Structure formats: structure tokens, C-alpha cells
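K.L.:
A structural model of the following input is requested.
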Amino acid sequence: MDKRTDVWAFGCVLYELLTGKQAFHGEDVTIILAAVVMREPAFDALPANTPPAIRTLLRRCLRKERRERLPDAGSARIEIQEALNAPAAEPVAVTAAKSRDRLAWSFVAVLCVALIAALAVGGFAYFGRAPEETKAIRFLVSPPEAWNLRQVAGGGSPAPLAVSPDGQRMAYVATGADGRSLLWVRPLDTLAAQSLAGTDDASSPFWSPDSRFLGFFAGGKLKKIEVSGGPPITLCDATNNTGGTWSRDGVIVFATGGNRGNPLRQVSAAGGVPTAVTVLAQGEIRHQRPFFLPDGRHFLYETEGGGPVHPIYLASLDSAERKLLFNSDSSNVVYSQGHLLFLRETTLMAQPFDAQRLVLTSEAFPIAEQIQTHVPGEPHANFSASENGVLAYQTGSAAGGSQLTWFDRSGKQIGVLGDRAAYSDVWLSPDGKRVSVSIPSGTTRDIWVYDVARGLKTRFTFDATDERAPIWSPDGSRIVVSSNRKGKYDLYLKPSSGAGTEEVLLEDKIDKYPMSWSADGRFILYRTGAFPHYDLFVLPLSGDRKPVPFLQTKFNENTGQFSPDGRWVAYESDESGRYEVYVVPFPGPGGKWQVSTGGGRFPKWSRDGAELFYLAPDNKLMAAAVNGKGGSFEPGAVKTLFETRAVTVTVGGAPHNVSADGQRFLINTLPEQAGSAPITVVVNWTAGLKK
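P.N.:
Numbers count the residues shown, from 1 in each chain. Below is the predicted model:
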């Protein structure tokens with residue numbers, strides 16, 4: 001504490017003498033301290049007859065930057081005396097009212113001089129002592145009661161945290177006890193957060209530069225909403241998002257996430273047709289987590305290439321060139337107060353960065369420990385920061401992970417299989433005795449096989465690359481997997497015992513994921529292409545094994561499943577504008593029947609072919625009665641079985657599997673959260689770095 005700190009304290013007291021109110025106020029000390037750093041006093045609350053010189057004096061005493069304040073309290077005394085001795089501005093007689101004003105100001109001056117004397121002798125404290133720029137303010141924020149910061153398992157992160165550019169508010173995605181997710185906004189100078197209506201199932205919120213709007217993703221769309229009120233506005237399609245950012249020029253750059261071959265895209269903040277803004281280099285799978293720098297033209301992003309590191313690049317809206325900055329252990333990076341913030345292991349690092357010259361200027365250093373991350377293998381760290389120095393982060397063990405859970409037809413939980421992990425691509429063997437899954441191994445995934453009776457798993461693949469989407473042969477003796485060991489995802493066949501020679505089924509220059517194996521063992525149905533144009537192909541397992549297209553349109557056809565008798569294929573398509581479940585004859589041609597009503601994904605046949613199970617958009621498990629025994633397919637009534645917390649991010653298979661008798665379901669389930677760790681907020685996080 002020095003003389004300028006005393007000047008700041010004097011300014012606070014003088015403000016309260018004149019207005020009858022505190023210069024900075026709130027419900028508790030934490031909020032008061034936050035207001036000190038982030039807000040200006042309400043100078044319009046000063047009496048109308050406050051002399052201009054006194055108004056100027058107050059502003060000079062209450063400058064947040066210490067070097068801009070008056071040098072000492074003696075200077076304040078001189079300015080008060082000069083203000084009182086200043087000649088009247090009007091050459092007229094002093095009225096009785098003006099005389100009373102003069103007397104009142106003389107009384108205030110006496111008090112002020114007394115306060116200045118006290119400061120000169122021994123110092124003065126406000127709130128115990130005045131804040132200094134060398135001190136950061138830390139406090140905790142918790143989600144509303146019965147709500148938790150949103151988590152996901154086995155797929156893209158929800159990126160639940162975003163500090164507004166002005167540093168005055170924080171947005172986060174929280175999930176209620178019923179599984180419903182909403183966007184919430186918490187002003188940092190209040191104790192209450194407000195939910196934003198119409199933001200169900202939102203993820204990855206990001207702010208407009210003026211802190212008026214929030215961009216977010218929901219229902220396969222990029223949307224925006226005004227935080228002061230109003231409905232969400234859809235800007236464009238955006239499936240499987242992995243982050244967005246909003247420039248000062250009204251351009252939004254965003255990532256569409258979980259599919260291979262996806263560069264970043266840009267769209268006007270008013271909406272429109274998105275266009276690519278980056279180009280994938282050789283070996284890159286996708287670009288994600290963009291973040292605009294202060295100039296509104298340059299942005300940061302992470303590249304995903306299936307390797308153990310996450311390269312962070314600098315790019316521009318005005319050029320196709322880019323520059324590698326460094327490697328991170330998480331997919332997100334932000335700019336704040338002349339630093340880039342990113343993760344190394346679980347430590348939040350800051351590295352000095354010149355935003356004018358666009359260069360790193362010094363070594364990185366740690367600023368927080370044990371940062372919570374989502375989704376092992378492609379972690380997103382739970383932190384956010386504003387350009388003016390407000391930092392928010394969540395600590396704790398890594399979030400994510402799902403549980404393989406058994407349910408009966410009523411939705412009653414009747415058992416679990418294995419421990420919690422980031423499962424994906426779950427497939428029950430034909431005899432129901434084993435389950436194949438993909439599980440992260442570092443930054444890649446491998447196939448494991450569970451013994452259902454014993455609850456034990458054994459590793460099935462051991463390559464240092466990705467293995468995904470295992471499917472079983474009709475007799476359970478073999479498993480086909482998709483692996484990118486040669487750059488693209490190709491199909492490989494291996495005995496399900498793990499012993500024996502692996503066979504290459506299909507290699508070409510396009511990614512492929514197996515979906516289903518016909519009951520007669522003659523055909524494999526697989527998905528190929530890249531979003532937004534997935535197609536279904538058939539690979540014959542005899543003859544020349546030449547693949548042939550089965551469903552190839554301008555829309556997405558996915559999750560194809562052979563019927564038990566091999567005469568039909570159920571699949572999902574977005575040709576109507578949303579995913580619905582359809583059935584077509586195999587090998588075709590023939591008619592087409594829509595089975596789902598109101599949207600549907602991940603069709604699964606019952607063993608007798610009399611029912612089709614699928615997930616509705618709200619994650620309810622649906623059962624549709626069907627009849628495919630005649631010459632024409634007949635869809636029947638659809639009913640809801642029960643609500644699920646199924647993890648719907650999967651490459652192959654489905655989040656749900658049905659037992660042979662149709663009475664039990666194994667569902668890759670996101671467990672209910674016991675509670676979220678509070679969010680740590682640090683105002684003026686760089687204060688301790690100043691010399």
C-alpha cells in the first residue's frame with residue numbers, strides 16, 4: 001500500500017459523503033471486490049450542484065490504474081481549496097440558496113481536509129484496505145441448486161464455460177436432474193444466474209464481441225440468442241460441433257467436429273450459407289476450437305490428426321497461410337491480457353504473446369493446477385478468459401465416461417457391465433455372451449471385448465492407431481474393425497478369440513466404417529464418405545469382393561442394419577431435414593418406408609424381426625412394430641419404452657443393443673452427476689505478474 005492507495009480510499013469516502021452511497025456495493029465482500037475491479041462508480045449519482053472541479057477530483061482519485069491517480073493526499077487538499085476559492089462563474093449577487101450551497105460545501109471541505117490529515121498521519125483503509133493492482137481477486141461460483149455443469153462421454157466436449165468479453169458475465173451449460181441442459185448466464189456482481197429459454201441441449205457457448213449475444217450449438221444447428229431476452233435465432237446447420245468464435249466484424253468461425261475431413265467454416269452473424277475458412281493438410285482429420293484475436297481477423301485453432309499432441313495454429317480470414325505456435329494437451333486455447341492460455345497435462349499455462357506482431361515473446365508458465373477436462377483422448381479443458389483479465393476455470397478429476405447399463409423394457413436398471421469409461425461403438429455378440437466396445441488408449445482408441453457373465457474385458461487390438469466400429473460375424477467367430485493405420489480408415493477381419501491371422505478386407509482412399517453383417521454371412525454393409533455426404537455401400541465376401549453402392553444420395557445415410565432374415569435394411573437419413581429411420585429392401589430395388597415419427601436414429605432389429613428399436617431426438621428409446629414377412633414391408637405403431645441417458649456420439653453400432661428375447665437392453669449410459677465442482681473466478685488474473 002502506498003500514497004496512491006490512500007488517495008483511492010479518500011475518493012471512496014468523498015463519494016459516499018456526497019451521494020450517501022458506497023462507490024462500490026454488493027451483497028457480500030466477494031461481490032464488492034469484484035465490482036471494485038470491473039466497474040466504475042455511478043458518477044451521475046453526484047448532487048447536481050457538485051462543482052466540476054470536485055467531479056474531476058473524484059475521477060482522478062478513483063482511477064483503477066494507480067499511475068493515473070493523484071500522487072498523494074496533499075494534492076487532493078490543494079484541489080479542494082482551489083475549488084472553494086474559485087471565483088463565481090456569473091457576475092451576479094449571491095442568492096440565499098447559493099449561500100447555503102457554499103456553506104454546505106465548506107462543511108464538506110472541512111471533513112475532507114480532516115480525512116486528508118488522517119491519511120497523511122497514519123493511512124486509511126476502505127473494506128479493511130484499498131485494493132492494489134498487484135492483487136488478484138478470487139471467488140467461487142456454483143451452478144444453481146440441482147444443476148451441474150454439463151458433461152458428455154465418448155464424444156465431443158460440450159465446452160460448458162464462457163466469460164463475456166467485457167468480463168462482467170459468465171455463461172455456462174448446466175444439466176438438471178431430469179437430464180435437460182440449458183444455457184445459464186451469471187453476472188459476476190450478483191449472486192444469481194438466469195437460464196435462457198429455448199436453449200435446450202445447448203453446447204459450446206461463445207460471446208459476441210459486445211457481450212450482448214451468445215452463440216451456441218443445439219439440434220444440429222448454430223444459433224444465437226440475446227442474453228437480455230428473446231428467442232434463439234438459427235444461423236445455419238452445424239452438426240457435431242467443436243467450438244465457435246465471433247469477430248468484431250460480425251463473422252462467426254465454427255467447427256463441425258466429430259467427422260473426418262472437416263475444416264473450419266465461417267458464416268455471417270446474421271446467418272447464411274457457411275463456407276470453408278481453413279484447408280486440411282495431409283494427415284489432418286479436422287480443425288476445431290477456433291478463437292479470434294483482438295484484431296478480429298486472426299484466429300487460433302487446434303488440429304486433430306490422430307496423434308498424441310494437439311498443434312495450435314494461427315490463421316487469418318484474409319489469407320490461406322497459417323503458422324504453428326505450439327503443441328497443447330487440450331484442444332482449446334484463448335487470448336487474455338497479452339497471453340495465450342492453454343493446457344499442459346492438467347496445468348493451465350500462460351505464454352506471453354504480442355497480439356500486434358502475432359508472435360510468442362517468452363516462455364510459458366503455470367497459473368492454475370488440476371484443471372478439469374472432458375473426453376479422454378481429445379480433451380477440452382474447462383477454462384475461459386476475457387481479454388480484460390477475468391479468468392474462470394473448473395478444477396477436479398477428468399470428467400466424462402459412461403457406463404454400460406442393462407435395462408428392462410420398462411426402463412428399470414437391472415445391472416451394469418464393467419467400470420465407467422469413455423465407451424463408444426458398443427455391439428452385443430449374436431449369442432449375447434460378449435460385448436465389443438472401443439475405448440480410448442491415450443489419444444487413440446482400441447477394441448476391447450467383455451465377457452458378459454464374468455464382467456471382465458480383454459484387449460482385442462493393440463495398434464498405435466485408431467480402431468473403431470467393431471461388428472460381429474453371424475456365428476460370433478470373427479470381428480470386423482475399422483482402422484486408420486495406413487492413413488484412411490480401412491476394414492480388417494480378425495478372429496473374435498484374438499488368436500489367428502488378421503485379414504485386410506478392404507483398402508482404398510476413403511474412410512469406411514462397418515455397420516452390419518448379413519445373417520447368411522455373405523455381405524457387410526458399411527458407411528463411407530464424409531459429412532455431410534455419408535453413403536452406404538455393400539462389400540460381398542465372395543467372388544471379386546468388389547464394393548457396390550447401396551444407398552448413395554446427396555443426403556446422409558447412416559447406421560444401416562440388415563434385418564434378421566436379410567431381406568431388408570433399416571437405416572437413418574436426414575433427407576427430410578432431420579434424421580428419421582427408414583426401411584428399404586435388400587438388395588433392392590423397391591419401395592421405401594419411414595418407420596420413425598418425429599425423428600429417429602440408430603435402428604436396431606429385434607431377433608425375430610417383428611420390432612425396430614431406435615432413439616428419438618429426446619433420447620427416448622422407441623419400439624416400432626413392423627412386418628417384413630410378406631412381399632411388402634409394413635410399418636406399424638410406434639410406442640415409447642423409456643427415457644435414456646444414452647451417449648449418442650458413436651462411429652459404428654449404436655448406443656443401445658437388444659437381447660435375443662427383446663426384453664433387455666444394454667445401453668451406453670451417461671451416469672447422473674453427483675455434483676459439479678465450483679467454478680473459480682479470478683478477476684485481474686495477471687496482477688501478480690506486474691513488476
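K.L.:
quick one: contacts for the most centrally placed residue in the chain?
P.N.:
To find the centre residue of the chain, average its C-alpha atoms and take the closest one (CA atoms, centre = their mean): that gives residue 159, at 1.7 Å. For residue 159, the set of contacting residues under the criterion of CB atoms under 8 Å, 6 or more residues apart in numbering consists of 203, 204, 205, 242, 243, 289, 332, 374, 380. In this view, the C-beta of every residue, glycine as well, is placed from N, C-alpha and C.
K.L.:
Looking at those residues, which are in strands?
P.N.:
Within the contacts of residue 159, membership in strands is found for 203, 204, 205, 289, 374, 380, as judged by DSSP state E.
K.L.:
so the first one makes contact with residue 219?
P.N.:
No - Residue 203 sits out of contact with residue 219 when judged by CB atoms under 8 Å, with a separation of 10.4 Å.
K.L.:
So which of the two has more stuff around it?
P.N.:
Remark: of residue 203 and residue 219, residue 203 carries more neighbours, 22 against 16, as counted by other CB atoms under 10 Å.
K.L.:
bridging residues for that one?
P.N.:
With DSSP bridges applied, the residues forming beta bridges to residue 203 are residue 217.
K.L.:
One more: residue 288?
P.N.:
Beta-bridge pairing of residue 288 under DSSP bridges involves residue 302.
K.L.:
residues touching it, list them.
P.N.:
Residue 288 makes contact with 242, 243, 255, 257, 264, 301, 302, 303, 304, 331, according to CB under 8 Å, 6+ apart.
K.L.:
Quick check: it vs residue 245, distance?
P.N.:
Here the distance between residue 288 and residue 245 works out to 11 Å (CB to CB, to the nearest Å).
K.L.:
Show me which helix or strand of the chain is least confident by mean pLDDT.
P.N.:
Across the helices and strands of the chain, mean pLDDT, DSSP states H and E gives its lowest value to helix 96-122, namely a mean of 49.
K.L.:
how does this protein divide into domains?
P.N.:
Domain assignment for the chain by automatic domain parsing gives 3-122, 137-399+675-689, 402-669.
K.L.:
my read: residue 638 touches residue 599, true?
P.N.:
No - with contact taken as CB under 8 Å, residue 638 and residue 599 are classed as non-touching, separated by 11.4 Å.
K.L.:
any shared contact partners between residue 203 and residue 219?
P.N.:
Common neighbours of residue 203 and residue 219 (CB under 8 Å, 6+ apart) do not exist.
K.L.:
Tell me what residue 513 is bridged to.
P.N.:
When bridges are called by DSSP bridges, residue 513 pairs up with residue 527.
K.L.:
check contacts around it.
P.N.:
Per CB under 8 Å, 6+ apart, neighbours of residue 513: 468, 469, 482, 489, 526, 527, 528, 651, 652.
K.L.:
Pull the contacting residues for the fourth one.
P.N.:
Residue 489 makes contacts with 260, 466, 468, 482, 483, 511, 512, 513, as judged by CB under 8 Å, 6+ apart.
K.L.:
ok so, going back, need the worst-confidence member of the contacts of residue 513.
P.N.:
Within the set of those, pLDDT is lowest for residue 652 (73).
K.L.:
Three-state assignment for that one, please.
P.N.:
Classification of residue 652 into helix, strand or coil gives coil, according to DSSP: H, G, I helix; E, B strand; the rest coil.
K.L.:
Surely residue 76 is in a strand?
P.N.:
No - assignment of residue 76 by three-state DSSP gives helix, placing it outside any strand.
K.L.:
quick one: pLDDT of it?
P.N.:
Confidence per residue is given as pLDDT, and for residue 76 that number is 75.
K.L.:
got it, and the one 4 residues further on?
P.N.:
We note a pLDDT of 75 for residue 80 in this prediction.
K.L.:
and residue 165, how many residues sit next to it?
P.N.:
19.
K.L.:
Repeat that for residue 519.
P.N.:
By the criterion of other CB under 10 Å, residue 519 has 17 neighbours.
K.L.:
residues touching it, list them.
P.N.:
The neighbourhood of residue 519, defined by CB under 8 Å, 6+ apart, consists of 474, 562, 564, 565, 566.
K.L.:
If any of those residues are buried, put those into a PyMOL selection.
P.N.:
Selecting in PyMOL just the buried members of these, where the criterion is 16 or more other CB atoms under 10 Å, is done with this command:
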select buried, resi 474+562+564+566
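K.L.:
got the contacts of residue 519 as TSV, with secondary structure columns?
P.N.:
Written out in TSV, the entries for the contacts of residue 519 read as follows (three-state DSSP):
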residue	secondary structure
474	coil
562	strand
564	coil
565	coil
566	coil
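K.L.:
Make JSON lines from the contacts of residue 519 and add pLDDT and distance to residue 658 to it.
P.N.:
Conversion of the contacts of residue 519 to JSON lines gives the following (pLDDT from 0 to 100; distance: CB to CB, whole Å):
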{"residue": "474", "pLDDT": "96", "distance to residue 658": "16"}
{"residue": "562", "pLDDT": "97", "distance to residue 658": "15"}
{"residue": "564", "pLDDT": "95", "distance to residue 658": "12"}
{"residue": "565", "pLDDT": "94", "distance to residue 658": "16"}
{"residue": "566", "pLDDT": "94", "distance to residue 658": "18"}
